[in-house]
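A.B. asks: The following block contains a protein sequence and its predicted model.
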Amino acid sequence: MIDPSQNPFAILNYPAILVAAVINFIIAFVWYTPLFGKKWAALVGADMSKKPSAASMAGSMIGMFVSTFIMTVGLAFFIKIAPWQCGPLQAAVIGLQISIFFIWTTESGKIFFQGKPALYFIDAGYQTIGIVISAIILGLWK
């Protein structure tokens, strides 16, 4: 448990957060390229024959990494404020709970409004795996 008078963001392990964010980013690349890239592109209507400019791709990748880093900071914060000592297993449970309560629910519009359950499982699946693996890294590296 942290002292409420402390700045909770000052006591986070930023090297662990950076590593977890990079690993999560690598998982996204593998998930959306060789594993589910073609299926995902078809479901979202992306034309894979059109290559974005290098500047556009760089901007998108930087934006996604910043988003992943911010999410990992939030995950580290939830793990840090847990009322018990978090090892990798406990951190993984927190990551899974965050995925169930926030990712699975917010992604559900892909089923209910877009009628695309496959897209839901691809996107929510990546988020869940990325968050749980990031949580394990954060739980291991104190």
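C.D. replies: Alright, I've got the coordinates.
A.B. asks: Please make it C-alpha for all contacts and neighbour counts, starting now.
C.D. replies: Noted.
A.B. asks: which residues touch the strand or helix carrying Val22?
C.D. replies: Taking DSSP states H and E as the definition, Val22 sits inside helix 14-30. For helix 14-30, contacts defined as C-alpha atoms under 8 Å, 6 or more residues apart in numbering pick out 65, 68-69, 72-73, 76, 126, 130-131, 133-135, 137-138, 141-142.
A.B. asks: buried sites along that helix?
C.D. replies: 14, 16-25, 27-28 (16 or more other C-alpha atoms under 10 Å).
A.B. asks: sorry, back to before: could you turn the buried ones of the contacts of helix 14-30 into a ChimeraX selection?
C.D. replies: In ChimeraX, this line selects whichever of the contacts of helix 14-30 come out buried by 16+ other C-alpha under 10 Å:
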select :65,68,69,72,73,76,126,130,131,133,134,135,137,138
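A.B. asks: In helices, which of the contacts of helix 14-30 appear?
C.D. replies: The helices, defined by DSSP state H, take in 65, 68-69, 72-73, 76, 126, 130-131, 133-135, 137-138 from the contacts of helix 14-30.
A.B. asks: Save those as TSV, and put in distance to Thr106 and pLDDT too.
C.D. replies: Listed next are the ones in helices among the contacts of helix 14-30 as TSV, based on distance: C-alpha to C-alpha, whole Å; pLDDT from 0 to 100:
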residue	distance to Thr106	pLDDT
Phe65	20	97
Thr68	17	97
Phe69	19	97
Thr72	18	97
Val73	20	96
Ala76	21	95
Tyr126	14	98
Gly130	16	98
Ile131	15	98
Ile133	20	98
Ser134	20	98
Ala135	20	97
Ile137	25	97
Leu138	24	96
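A.B. asks: what's the farthest-apart pair in the contacts of helix 14-30?
C.D. replies: Spatially, the most separated pair among the contacts of helix 14-30 is Tyr126 and Lys142, at 24.8 Å (C-alpha to C-alpha).
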